[in-house]
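>>> coordinates for the following, if possible.
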Amino acid sequence: MSSQFISDTFDALVCRKSEAGVQSRIETLTLEHLSVGEVVMRTRYAGVNFKDCLAVTGRAKIIAGFPRIAGIEAVGEVLSSSDARFVPGDAVLVHGFQTGIAYDGGFCARMRVPAAHLQKLPMGLSPLEVAAIGVPGFTVAMALERFEANGLRRDSGPIAVSGATGAVGMLAISILARAGYQVAAITRRPAQADTLRELGATEIIDAEATRSAKPLEAGRFAAAIDNVGGATLSWLLRSLHDSGQLASVGNAAGNTYEGSVLPFILRQVQVFGIVANAPWPQRLRLWDRLAGDWRPDLGLLRIHRIGLADLPAHAERQASGAALGRTLVDFGDPS
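Numbering: from 1, shown residues only. As a prediction, this is how the structure comes out:
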């Protein structure tokens, strides 16, 4: 690695832990401060996910060791590499592999990344488009692939999506609609109904409906992608058709839920969890689909670009449920 890169200084949002809890602040670093990796990359965009906001604000135990730079995903450009698979100028993506948890993450203008964690951008997508899809879109793709492997078809019935105005929710609506499915969007923001219909939702459901306490609801959905947890997850399970499927992908309402065994016994429903990590064959296959027939309409997605200095305040808002759409930290065009 050249001395040019060793002496380079850059800003990062560093999370440190003390007796008072987790504090996150902007610090100026050099590469020597970063966790090890064969590839040095300049970060262009880092997606801001609910999990990131919990880490940055200290609201949940996400980070494995301190100090740590949070950010579970990033898109950027290779500056140097000791691994022959990558050369300077390559446009690359990293997510999963404990990025931002056990390894320093994307909320940093430079990253050192193990080559085994890195991939080149899928053909046909720009760095901004890949960043906009990111972990939320990959999560949806994992859920949809598993639904279909378990027998879901376009004529099976509608797919419900909770937390519909968040990044995962909006991308789920668009991806599912592009794949030919009917989508029921569940939201506590009815004022966003027109936006959700433009994305592809065929039905809008007020989240108040999920407060029902019936042990079994009318079977309405062939599948569901739940971003919320809690009472919403329980209602969705009770509202699935026979042999319906639910992908649990988020916990905005908490880590627990109260439920009935009746959906499992009487309707043979299935529930599984998704985390946006996957073996390389599946990872590359799904990114190819997200660049192809499952490509979401990003022109309709609410994409907000913020600076690194804006991230601490934004993380508080997003962790409190006040964010809308997809937020990216934009480190600027190096040219």
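>>> skipping adjacent residues, who's closest to I159 in space?
Spatial nearest neighbour of I159, excluding adjacent residues (Cβ to Cβ, 6 or more residues apart in numbering): A223 at 4.6 Å. C-beta here means a position set from N, CA and C on the backbone, and glycine is covered the same way.
>>> which strand residues bridge the one you found?
I159, Q245 (DSSP bridges).
>>> mind checking pLDDT for it?
We have a pLDDT of 98 for A223.
>>> so where's the stretch 201-335 of the chain shaky on pLDDT?
334-335 (pLDDT under 70).
>>> can you map out the strands along it?
Taking DSSP state E, counting those that start in this stretch to define them, one finds strands in the stretch 201-335 of the chain at 203-206, 221-226, 240-248, 270-273, 303-306, 326-330.
>>> what residues sit buried inside the second one?
The neighbour-count criterion (16 or more other Cβ atoms under 10 Å) identifies 221-226 as the buried residues of strand 221-226.
>>> farthest-separated two in those?
Farthest apart among the buried residues of strand 221-226 by Cβ to Cβ are A222 and D226. That separation is 14.2 Å.
>>> before we move on, the earlier item: nearest to G166, of the strands of the stretch 201-335 of the chain?
strand 326-330 (8.4 Å).
>>> distance from the chain centre to the closest one, please.
Relative to the chain's own centre, strand 326-330 is displaced by 12 Å; criterion: Cα atoms, centre = their mean, to the nearest Å.
>>> and it, C-alpha only, in CSV?
Extracted in CSV, the C-alpha atoms of strand 326-330 (Å, rounded to 0.1, in the frame of the first residue of the first chain):
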residue,chain,number,x,y,z
ARG,A,326,-34.4,5.6,1.8
THR,A,327,-31.6,7.7,3.2
LEU,A,328,-28.0,7.6,2.0
VAL,A,329,-24.9,9.3,3.4
ASP,A,330,-23.4,10.9,0.3
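>>> give me the number of residues near L216?
13 (other Cβ atoms under 10 Å).
>>> now do the contacts for it.
238, 260, 262-263, 266-267 (Cβ atoms under 8 Å, 6 or more residues apart in numbering).
>>> so how far is S162 from the nearest residue in space to R211 that is not next to it in sequence?
Sequence neighbours aside, A231 is the residue nearest to R211 in space, at 6.5 Å (criterion: Cβ to Cβ, 6+ apart). From A231 across to S162, the span is 10 Å (Cβ to Cβ, to the nearest Å).
>>> again with G332
35 Å.
>>> got the buried residues of strand 221-226 as JSON lines, with distance to T57 columns?
Shown next, in JSON lines, are those (distance: Cβ to Cβ, whole Å):
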{"residue": "F221", "distance to T57": "33"}
{"residue": "A222", "distance to T57": "36"}
{"residue": "A223", "distance to T57": "32"}
{"residue": "A224", "distance to T57": "28"}
{"residue": "I225", "distance to T57": "25"}
{"residue": "D226", "distance to T57": "23"}
